[in-house]
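Q: Below are the sequence and a predicted model for it; my questions follow.
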Amino acid sequence: MKPIARRALALAPLLLAPLLLAPVAVAQTQLDVRLRTPRRAPMPTRCTVREWVPGHYETRLERVWVPGATRQEWRPAREEWRLDLRGCAVLVLVEPGRWITVTEPGRFETRERREWVPGHWRMR
């Protein structure tokens, strides 16, 4: 037998060993994963106590839009002195007197409101 063939036969078990042992290693790791237990959250150490809160009023603040007020104002007639064709000063009515509607801008206000809160159980 040639020396190269002898070396190949001598190395064959070393080359084939990982291929033969690989399924066993995979099976063991899968088994290990399945045997592990998941971690659980710790149990609460203190007890919760229910407490009755009686009904009561609470004062709450709320922003409210208040539209602007509308009012009527009288604008008096507007007259001017002008010269006529002969050069004489004459009082002329430029704009007659009239009522106009004036609307003020709106604004936000903060108002207090009392609200009834019914009785309920509260956990302490």
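A: Arrived safely, thanks for sending.
Q: For the rest of this, base every contact and every neighbour count on C-alpha atoms.
A: Will do.
Q: Can you report how many residues lie near residue 92?
A: Other residues near residue 92 come to 12 when the count uses other C-alpha atoms under 10 Å.
Q: which regions of the protein sit below the pLDDT cut-off?
A: For the chain, the stretches with pLDDT under 70 are 1-5, 8-9, 11-39, 41-47.
Q: where exactly do the strands run in it?
A: 50-53, 56-66, 70-75, 78-83, 89-95, 98-103, 107-117, 120-123 (DSSP state E).
Q: Strand partners (parallel or antiparallel) of the fifth one?
A: If I follow you right, that is strand 89-95. Applying DSSP bridges, strand 89-95 is found paired with strand 78-83 (antiparallel).
Q: Please apply the same query to the third one.
A: Take DSSP bridges as the rule and strand 70-75 pairs in its sheet with strand 98-103 (antiparallel).
Q: next one: the second one
A: Listed by DSSP bridges, the sheet partners of strand 56-66 and their directions read strand 107-117 (antiparallel).
Q: Which residues does the strand it pairs with contact?
A: With C-alpha atoms under 8 Å, 6 or more residues apart in numbering as the test, strand 107-117 has contacts from 55-68.
Q: a markdown table please, covering the residues you listed and showing neighbour count and distance to residue 86.
A: Listed next are the contacts of strand 107-117 as a markdown table, based on neighbours: other C-alpha atoms under 10 Å; distance: C-alpha to C-alpha, whole Å:
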| residue | neighbour count | distance to residue 86 |
| --- | --- | --- |
| 55 | 11 | 89 |
| 56 | 11 | 87 |
| 57 | 11 | 83 |
| 58 | 12 | 81 |
| 59 | 11 | 78 |
| 60 | 10 | 76 |
| 61 | 11 | 72 |
| 62 | 12 | 70 |
| 63 | 10 | 66 |
| 64 | 11 | 64 |
| 65 | 11 | 60 |
| 66 | 11 | 58 |
| 67 | 12 | 55 |
| 68 | 12 | 52 |
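Q: From the residues you listed, pick the one nearest residue 91.
A: For these, the closest approach to residue 91 (C-alpha to C-alpha) belongs to residue 68, at 39.0 Å.
Q: Wait, that closest one touches residue 102, no?
A: No: the pair residue 68 / residue 102 is not scored as a contact, 9.8 Å apart, by C-alpha atoms under 8 Å.
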